[in-house]
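**Student:** let me see the structure of the following:
(2 chains)
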Amino acid sequence: MSASGPATGPSRLDELACLESMRRGDPTCLGGFFQAWGDRLYRLSLRLTGDPASAEDVVQEAFLKLMAGAERIEGRSRLATWLYRVAYNASIDRLRDRKRTAPVPEEGDDEPAPTPALLVDFLSPEEMLKDAETRRALDEAIAALPPSLRAAFLLRDVEGLSTAEAAEALSVTETNLKVRLHRARLLLRERLSAFVAGRGERREGHP
Amino acid sequence: MTCQELVRHLSDYIDGTLAPEDRTAAAAHLAECEKCHLVLDTTQCTILLYRAAQSPGLGAERREALLRRLEKACRPPGSAR
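**Tutor:** Residues are numbered from 1 along each chain as shown, chains lettered A, B, ... in the order given. Now for the predicted structure:
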C-alpha cells in the first residue's frame, strides 16, 4: 500500500481567487469553500476534542480567520495546510481549557514506538465495519492516543496529506511527524488487536 | 533484516519511502517471517479501517446554521450591518 494522494479540494488557483473575494466581503465563494472544508475540519476537531460543540466552534473560528485574512496564506503553504493548522491549534487550545475537568492522554513524543505484542489476524475492513462494536473500538482506540499522535495519524492516513503537508500543519519537522505517525499506527494496531482477540474474531482459514 | 529492524522500518515500508536496498531486505524478511507479515497486514488493515469508518460530519441542520452565521460575518470591512 502506498501513501494516499494529496487532499482533494478546490484547485490552488481557485482557492486563492476565492480567498481574495472573501477578503473583499463577497460571500459567493463561501458556500463552496464550506462544502469542501467544513466537514473535514469538523471531523479532525471532533477526534481531537471529543466534543461536538467544541468542534463546531473550531470550524467557525477557522473560517472567521480565513475570511478576515488575519494571517496571509503564504505561497509555500497550501490553503488545506493552513486550515488544518488553524483547526488543530484551536482544538488543542480547547483541550487545554478543559484539561482540569477531563483527562487528556499524556504527550509522549520521546517514547519509542511500541513493540507489536498481540498477533491476531483481522477480518477484512469491510467485514469488520459491519459491526457497531468495531466502530466503537476504533473510536476508543484513537481517543486513547495523545492528541499529537492522533493528529499525525488523522492528517496523514485519513485526510491523505503528504508528510511535508502534515508536518507543516502540525508545526513539527518531517522527521518528528514520521515518528509520531509510526507510533500512532503501532499503538492503534495493538489496541485493535486486543479488541479482535477479545472477540475471538479470525479471518476464515486462519487458526 | 531482524524482526526488530522490520518493525522500525514498517511505516516507511508501508509508505514506500524505504531506500531500495532496505526495501529488498524488508521484503525478503516478510516473505519468511509469518509474525512480521501479520504485523504488516494488521497495521495496513488498521489504516484502512479508519479511512473507511468516516466519522459523522456536522449534519445538515448545523451545517446550514453555521454557514448562515459565516455568511453574515462575510462583509466588506467597514460596511453597515
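**Student:** and stretch A:164-182, what's buried?
**Tutor:** Along stretch A:164-182, these residues count as buried under the neighbour rule (16 or more other CB atoms under 10 Å in any protein chain shown): A:165-170, A:172, A:177-182. (Glycine included, C-beta is placed from N, CA and C.)
**Student:** smallest gap between chain A and chain B, at which residue?
**Tutor:** Per CB to the nearest CB, A:Gly25 is where chain A lies closest to chain B, at 3.1 Å.
**Student:** give me the domain ranges for chain A.
**Tutor:** Using automatic domain parsing, the domain ranges for chain A come out as A:12-98, A:125-199.
**Student:** so which of these is nearest B:Val39?
**Tutor:** For B:Val39, the closest of those is domain A:125-199, at 7.3 Å, according to CB to CB.
**Student:** next one: the closest one to chain centre, how far?
**Tutor:** The chain centre lies 8 Å from the centre of domain A:125-199; the measure is CA atoms, centre = their mean, to the nearest Å.
**Student:** is chain B contacted by that domain?
**Tutor:** Yes: using CB under 8 Å from any CB of the partner chain, domain A:125-199 reaches chain B at A:125-126, A:128-129, A:134-135, A:138-139, A:142, A:153-154, A:157-158, A:163, A:178, A:181-182, A:185-186, A:188-189, A:192-193.
**Student:** quick one: average pLDDT of that domain?
**Tutor:** For domain A:125-199, mean pLDDT rounds to 95.
**Student:** tell me what the lengthiest helix in chain A is packed against?
**Tutor:** When chain A is parsed with DSSP state H, its longest helix is helix A:174-199. Applying 3 or more CB pairs under 8 Å, 6 or more residues apart in numbering or on different chains; DSSP states H and E, one finds that helix A:174-199 contacts helix A:132-143, helix A:147-153, helix A:163-169, helix B:10-15, helix B:34-52.
**Student:** got a list of contacts for the second one?
**Tutor:** Here helix A:147-153 makes contact (CB atoms under 8 Å, 6 or more residues apart in numbering or on different chains) with A:44, A:47-48, A:88, A:91-92, A:95, A:104-105, A:107, A:109, A:142-143, A:145, A:166, A:169-170, A:177, A:180-181, A:183-185, A:187-188, B:50.
**Student:** next one: the last one
**Tutor:** Contacts of helix B:34-52 from elsewhere in the structure, counted by CB under 8 Å, 6+ apart, are A:1, A:4, A:116, A:119-122, A:124-126, A:128-129, A:134, A:138, A:142, A:153-154, A:157-158, A:185-186, A:188-189, A:192-193, B:3, B:6-7, B:10, B:13-14, B:29-31.
**Student:** any quick PyMOL command for the buried ones out of those?
**Tutor:** Remark: buried members of those, expressed as a PyMOL selection using 16+ other CB under 10 Å:
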select buried, (chain A and resi 4+116+120+121+122+125+128+129+134+138+142+153+154+157+158+185+186+188+189+192+193) or (chain B and resi 6+7+10+13+14+29+30)
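**Student:** quick one, what contacts the residue most central in space within chain A?
**Tutor:** Central residue of chain A (CA atoms, centre = their mean): A:Leu154, 3.0 Å from the mean position. Contact analysis of A:Leu154 by CB under 8 Å, 6+ apart lists A:43-44, A:47, A:142, B:50.
**Student:** A:Glu20: which of those is nearest?
**Tutor:** Nearest to A:Glu20 among the contacts of A:Leu154: A:Leu44, at 25.4 Å, using CB to CB.
**Student:** what number of residues lie near the closest one?
**Tutor:** Counted by other CB atoms under 10 Å in any protein chain shown, the residues lying close to A:Leu44 total 26.
**Student:** could you do A:Ala90 as well?
**Tutor:** Neighbour count for A:Ala90, taken as other CB under 10 Å: 23.
**Student:** for A:Tyr42, same thing?
**Tutor:** Using other CB under 10 Å, A:Tyr42 has 25 other residues around it.
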